[in-house]
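> pasting the sequence and the predicted model now:
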There are 2 protein chains.
Amino acid sequence: MASPTSGIVDIHTHMYPPSYVEIMESRTTIPIVRKFPQASDPRLILLEEEVKSLEDALKDPQAKVPGRPLTTHYSSVQQKIHFMDTHGIQKSVVSLANPWLDFLDASESPAIAKKINEEFSDLCGQYPRRLFFFAALPLTASLEDILASIKHVRDLKYCRGVILGTSGLGKGLDDPRLLPVYKALADSKLPIFLHPHYGLPSEVWGDRAGEYGHVLPLALGFPMETTIAVTRMFLAGVFDEVRELQIILAHSGGTLPFLAGRIESCVVHDGQLLREGKLAKSRRTVWDVLKEQIYLDAVVYSPTSLKLAAESSGADRVMFGTDHPFFPPLETDEQGEWESVTWNTAAIRKATEGKSAETEAILGGNATRVLRLDEEF
Amino acid sequence: MASPTSGIVDIHTHMYPPSYVEIMESRTTIPIVRKFPQASDPRLILLEEEVKSLEDALKDPQAKVPGRPLTTHYSSVQQKIHFMDTHGIQKSVVSLANPWLDFLDASESPAIAKKINEEFSDLCGQYPRRLFFFAALPLTASLEDILASIKHVRDLKYCRGVILGTSGLGKGLDDPRLLPVYKALADSKLPIFLHPHYGLPSEVWGDRAGEYGHVLPLALGFPMETTIAVTRMFLAGVFDEVRELQIILAHSGGTLPFLAGRIESCVVHDGQLLREGKLAKSRRTVWDVLKEQIYLDAVVYSPTSLKLAAESSGADRVMFGTDHPFFPPLETDEQGEWESVTWNTAAIRKATEGKSAETEAILGGNATRVLRLDEEF
């Protein structure tokens, strides 16, 4: 299944290239980069849940410093290569980290998308055959501008797909206005890497959420957001409508592999869907779509969950990822080994124990095949 | 592991006993039971997502009939026994269906709880050794009243635990005001059967949710709600605080078995939790709690997910359930076989193939042991 020479390939690894950091430095609302006298590195504040601590820190210099440190891991390509070398990663498909270009005005997003995608292309060009990228689309712009952006990135030498959040054009990924975008991506053989950012409305975390750090929005909100988004696409018939669309789900599908059976049961038991004839007997199930149009990354921090992911969409459709530069080392130097990486590598090895072809496929062979990383360019 | 004579035991099976149906018939907001000229059975309207169709139907007799039919499966104990016999179920631990007593005024809830728990006790008494029940608590009442209710149900002959929603006293299950309730339940050896009802805020389902029937709130909202509730309990330290508390999670833990690795990773990577010393090195992990204080039902409609559930909390902690009378047969008579049951039975047999002791444990042995269904009374 895997080419034994493909080595380890990381398909879930982010960067904020320098021009994107500049945009965040110029902003007054999230996503924002700010310096605080209490901290050496500038701080990156991304999530709705961090807004309060940002406001507190702006008012009171004694307050806790908000967000996370924006280290060179986020913006330096040399640092990315060093990280790859440290963990034996041969190739990486880097992507802009959330929230991508979702917050830009329609008037500026096409030009910024062009600039940032070219910047990614140039970064990859500095390390040919080691770096590829998923492009970002100017989704706040007109359909025409979005389609023009797809044409643009399709021809960039190292582009191997696009990264997409769950908001789409502002109304989610089951928005029929997105169909031409999905068709253009499918026609261009550009898979979508679907990644969460918005989580769930913060009321679900309750009054004590502040005591739990970022655990609830990151550990639960992110994977639940992804699951909801892809299930809405499934129910809207997007996968049937655009049969060649390929989608890679972050964090092993959020929770889709675990909930697939329940989704199927609810679909077939739903009187309304039955009565209104939306449920054709010949329709494809969630299981079919998982095996035919969905890929999963292997960022799930658990061998048993990874095994379920591989059983759900197939061991030939799961791909190693690190989520670098999020989840830095717990106690050691950031130049050394990252536990978040070694745990996921160990989970893959344990989940595929005794099946070395599957181990190699998930660690790198699948990504090499699906994303054409061996192709001459 | 299993007693070979324990047979099949259903721990996830609901009823609305007659006096509860009367309450719902007298109401003007959800949960509500109403007759409509367009439908033969009275209709049961439970979910926030059904409110609009209820309003439409009240205004316009041509509108689609709202909710679901309230058949005798919901309120007749003879029907429950017939259903059990049809599916080879020897014993059932019945529970009041959602939303339990959550919507009652504090002034009335203690008396209604008493009445309904005694009604359940009487129903079980009609079929001794075949029926047991999880009691409902008057959570809108005072702590004193809730503790009195625990004392009351503890002494009811067929009571084997309590069913609880995720709202607790109105602020979720990580509310410190619940600790005395948890302690009283643990001291009384009454496990909690944790069941969802509230789902997620409906904005997450998007503008097209109406086209998808109840799939999104039921297939995703329910299991996500359960996962969030139990994770909040974990982060609040409830399991350490009340070490003898036992909790059975509906729908195989929602998505907890799949997300456990990610939760653990987020906990240990969270700078705030580390800095503030909340993360003792000796703390128990989500995995520990899954194996020591959590039980899972087997209502997950998928052999691969069931396997993950059994690997997560142990094959000696997973228990068969049907979710009767929800998810009735697709096309055949409701007196015959229900697919929602046979699928879950088949999933258990497939997930434990070649390990007949585990098959029997999950089908009935675990429930018999954990809920003391063989005990003389």
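Right, received. Where do you want to start?

> past the helix or strand bottoming out on mean pLDDT in chain A, which element shows up next along the chain?
Every helix and strand in chain A was compared by mean pLDDT, DSSP states H and E; the lowest is helix A:271-275, with a mean of 71. Heading C-terminal from helix A:271-275, the first helix or strand you meet, by DSSP states H and E, is helix A:286-292.

> what's the first helix or strand after that next one?
Using DSSP H and E, the next helix or strand after helix A:286-292 towards the C-terminus is strand A:294-297.

> for whichever helix or strand comes after that following strand, what is the distance to the chain centroid?
With elements assigned by DSSP H and E, the helix or strand that comes after strand A:294-297 is helix A:303-313. Chain-centre distance of helix A:303-313: 18 Å, with CA atoms, centre = their mean, to the nearest Å.

> repeat for stretch A:243-257
Stretch A:243-257 sits 10 Å away from the centroid of its parent chain (CA atoms, centre = their mean).

> in it, what's buried?
Going by neighbour count (16 or more other CB atoms under 10 Å in any protein chain shown), the buried part of stretch A:243-257 is A:245-257. To be clear about C-beta, it is placed using only N, CA and C from the backbone, and glycine gets the same treatment.

> so which of those residues is the closest to chain B?
residue A:255 (4.0 Å; CB to the nearest CB).

> what's the helix or strand for residue A:369?
helix A:366-370.

> for that helix, name the packing helices and strands.
Applying 3 or more CB pairs under 8 Å, 6 or more residues apart in numbering or on different chains; DSSP states H and E, one finds that helix A:366-370 contacts strand A:8-15, strand A:89-96, strand A:318-319.

> take those strands and write them to TSV, including distance to residue B:41.
Output for the helices and strands packed on helix A:366-370, formatted as TSV (distance: least, CB to CB, whole Å):
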stretch	distance to residue B:41
strand A:8-15	50
strand A:89-96	52
strand A:318-319	46
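
> rebuild these as JSON lines, extending it with mean pLDDT, distance to residue A:375 and mean neighbour count.
Below are the helices and strands packed on helix A:366-370 laid out as JSON lines (pLDDT from 0 to 100; distance: least, CB to CB, whole Å; neighbours: other CB atoms under 10 Å in any protein chain shown):
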{"stretch": "strand A:8-15", "mean pLDDT": "98", "distance to residue A:375": "14", "mean neighbour count": "25"}
{"stretch": "strand A:89-96", "mean pLDDT": "98", "distance to residue A:375": "12", "mean neighbour count": "24"}
{"stretch": "strand A:318-319", "mean pLDDT": "98", "distance to residue A:375": "17", "mean neighbour count": "30"}
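
> ok, which of those strands comes nearest residue B:266?
strand A:8-15 (15.7 Å; CB to CB).

> how about that closest one and chain B, touching?
No. Using CB under 8 Å from any CB of the partner chain, strand A:8-15 stays clear of chain B, with a minimum separation of 13.1 Å.

> now that strand: how far from the chain's centre is it?
The answer for strand A:8-15 is 10 Å, by CA atoms, centre = their mean.

> contacting residues around the nearest residue to residue A:329 once chain neighbours are set aside?
Nearest residue to residue A:329 in three dimensions, chain neighbours excluded: residue A:338, at 5.2 Å (CB to CB, 6 or more residues apart in numbering or on different chains). Residues in contact with residue A:338 (CB atoms under 8 Å, 6 or more residues apart in numbering or on different chains) are A:83, A:87, A:322, A:324, A:327, A:328, A:329.

> report pLDDT for residue A:338.
In this model, residue A:338 is scored at 94, pLDDT.

> state the distance from it to residue B:265.
Distance of residue A:338 to residue B:265, computed by CB to CB, to the nearest Å: 11 Å.

> anything in contact with each of these two?
residue A:327.

> what parts of the stretch 101-250 of chain A come near chain B?
A:171-172, A:174-175, A:200-201, A:203-208, A:211-216, A:218-220, A:223-225, A:227-228, A:231-232, A:235-236.

> any of these buried? List them.
For these, buried by 16+ other CB under 10 Å: A:172, A:174-175, A:200, A:204-206, A:208, A:211-216, A:218-220, A:223-225, A:227-228, A:231-232, A:235-236.

> in helices, which of those appear?
A:215, A:223, A:224, A:225, A:227, A:228, A:231, A:232, A:235 (DSSP state H).

> which one of the residues you listed is nearest to residue A:115?
residue A:225 (27.9 Å).

> now the closest one: closest residue in space that isn't a chain neighbour?
residue A:196 (4.1 Å).

> so the one you found sits in a strand?
No. Residue state for residue A:196 (DSSP: H, G, I helix; E, B strand; the rest coil) corresponds to coil; a strand is not indicated.

> can you pull the contacts of whatever residue of the stretch 1-150 of chain A ends up closest to chain B?
Nearest residue of the stretch 1-150 of chain A to chain B (CB to the nearest CB) works out as residue A:68 at 7.4 Å. With contact taken as CB under 8 Å, 6+ apart, residue A:68 is in contact with A:43, A:44, B:271.

> if we can go back for a sec, next step: the contacts of residue A:338 restricted to helices.
Checked against DSSP H, the contacts of residue A:338 include these in helices: residue A:83.

> can you show me the CA trace of stretch A:148-158 as PDB?
Taking Å, rounded to 0.1, in the frame of the first residue of the first chain, the C-alpha atoms of stretch A:148-158 are listed here in PDB:
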ATOM      1  CA  ALA A 148     -10.100  33.000  -9.800                       C
ATOM      2  CA  SER A 149      -8.100  32.200  -6.600                       C
ATOM      3  CA  ILE A 150      -8.600  28.500  -7.200                       C
ATOM      4  CA  LYS A 151      -7.300  28.900 -10.800                       C
ATOM      5  CA  HIS A 152      -4.300  30.800  -9.300                       C
ATOM      6  CA  VAL A 153      -3.300  28.300  -6.700                       C
ATOM      7  CA  ARG A 154      -3.900  25.300  -9.000                       C
ATOM      8  CA  ASP A 155      -0.900  26.400 -11.000                       C
ATOM      9  CA  LEU A 156       1.400  27.100  -8.100                       C
ATOM     10  CA  LYS A 157       4.100  24.400  -8.200                       C
ATOM     11  CA  TYR A 158       3.800  23.200  -4.600                       C
END
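
> now that stretch: buried residues?
In stretch A:148-158, counting by 16+ other CB under 10 Å, buried: A:148, A:149, A:150, A:152, A:153, A:154, A:156, A:158.

> can I assume the fourth one sits in a strand?
No. The assignment for residue A:152, made by three-state DSSP, is helix rather than a strand.

> ok, for it, nearest residue in space, not its chain neighbours?
Using CB to CB, 6+ apart, the nearest residue to residue A:152 is residue A:114, at 6.2 Å.

> now residue A:134, what are its backbone angles?
When quoted as degrees, to the nearest 10, the phi and psi of residue A:134 stand at phi -100, psi 130.

> give me the number of residues near it?
Using other CB atoms under 10 Å in any protein chain shown, residue A:134 has 28 neighbouring residues.

> OK, contacts around it?
If you count contacts by CB under 8 Å, 6+ apart, residue A:134 has them with A:93, A:94, A:95, A:96, A:159, A:160, A:161, A:162, A:163, A:193.

> try it again with 6 Å
Shown in contact with residue A:134 (CB atoms under 6 Å, 6 or more residues apart in numbering or on different chains): A:95, A:161, A:162, A:163, A:193.

> got TSV for these, with distance to residue B:351 and secondary structure too?
Below are those laid out as TSV (distance: CB to CB, whole Å; DSSP: H, G, I helix; E, B strand; the rest coil):
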residue	distance to residue B:351	secondary structure
A:95	36	strand
A:161	35	strand
A:162	37	strand
A:163	35	strand
A:193	31	strand
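
> so which of the residues you listed would you say is closest to chain B?
Among the contacts of residue A:134, and counting by CB to the nearest CB, the member closest to chain B is residue A:193, at 18.0 Å.
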